[in-house]
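Novice: generate a structure from the sequence data that follows.
(one chain, ligands or ions: 3)
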Amino acid sequence: ALAHKEFKVYLQPKYDLVTKKMVGAEALVRWVKDDGTMIYPDEFIPVFEKNGFIKQLDFYMLEQVCEMLRKRLTKNKVCFPISINQSRVLLNSETYTADVAMVLNSHDTPPDLIELELTERIFSDSLDEMAKMMSVLKDLGIRWSIDDFGTGYSSLNLLKKLPVDIIKIDKAFLDETETSNVSKIIIRKTVELTQELDKMVVCEGVETEEQASYLKAIHCDLAQGYLYAKPMPMDEFEKLMDSAEVVA
Ligand code: C2E
Ligand code: CA
Ligand code: CA
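Specialist: Ligands and ions are numbered 1, 2, ... in the order given. Predicted coordinates for the structure are as follows:
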């Protein structure tokens, strides 16, 4: 399927809550079969994590993003930073950081256009080793983001120990804001906490205007969700970038 190019990079824009302008995007994989049926990652990623194929797939996604950015940069077209999900399986490899650096090098990709997302659920007690690994890529200029923040067991420890730049608050908290004052408080305090630590905060799964205005009121930095845009094929996303103004 990889050789047949059945795996497609979809991109979902991220928006600045104040200016309502696009400031970046997340790459999300889609498996589009020959007959046009689309399979979503939740159905195949767990299988690929078991059989090891995820390593190839995640690097393929990174390659595709770097290639797209390189083509645009060569033509002096506007580029926004793109984040790419990284499976925990990748991190077991001793050559992981070197492999990532090589992909960026081979496409001459500015590292500040690449952000890597690690889900909070993967972190256990080997945080010191994880921090070392992450620092290697951070020193190159790549940014790290913690995905699904608040769903694991060690959220606060991660903020303390890891060289993280961006926190993505899990959608579940936002889902509950209408019914739970507790979730509202958690989001608000998480935004405050991470910003005081000089990190950016993204809220994912924003679906309603009410949610967006709450996030804006508590000064959350960025939002991602169906309210703004659904994940879209790369050519469609490129058109969005073509028409975007860059906000300094
Ligand atoms: P994630 O990284 O938390 O990605 C966000 C998911 O929420 C995406 O689902 C996205 O389409 C969906 N989403 C975005 N906005 C909204 C919204 O407003 N409402 C709702 N209900 N959902 C929204 P998707 O694309 O099906 O991906 C599911 C998960 O699969 C991702 O969760 C990520 O953990 C994993 N994944 C996706 N692509 C890759 C990849 O290339 N590599 C790896 N290792 N994992 C991936
Ligand atoms: Ca993600
Ligand atoms: Ca997430």
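Novice: ok, residue 188 - contacts?
Specialist: residue 218 (Cβ atoms under 8 Å, 6 or more residues apart in numbering). The C-beta positions use only the backbone N, C-alpha and C, and glycine is treated the same way.
Novice: quick one: what helix or strand has it in it?
Specialist: Secondary-structure assignment from DSSP states H and E places residue 188 in helix 181-196.
Novice: alongside ligand 3, which residues does the protein contribute?
Specialist: Within the chain, the positions near ligand 3 by Cβ under 5 Å from the ion are 147-148.
Novice: if you set the cut-off to 6 Å instead, what comes out?
Specialist: Taking Cβ under 6 Å from the ion as the measure of proximity, the chain contacts ligand 3 at 147-148, 168, 170, 204.
Novice: just the buried residues of the residues you listed.
Specialist: Listed as buried from those are 147-148, 168, 170, 204; burial here means 16 or more other Cβ atoms under 10 Å.
Novice: can I get the residues you listed in TSV with secondary structure, distance to ligand 2 and pLDDT?
Specialist: Converted to TSV, those look like this (DSSP: H, G, I helix; E, B strand; the rest coil; distance: Cβ to the ion, whole Å; pLDDT from 0 to 100):
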residue	secondary structure	distance to ligand 2	pLDDT
147	strand	4	96
148	strand	7	95
168	strand	7	97
170	coil	10	93
204	strand	7	95
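Novice: three-state assignment of the spatially most central residue of the chain?
Specialist: Among the residues of the chain, the smallest C-alpha distance to the mean C-alpha position (Cα atoms, centre = their mean) belongs to residue 83, namely 3.9 Å. Going by DSSP: H, G, I helix; E, B strand; the rest coil, the secondary structure assigned to residue 83 is strand.
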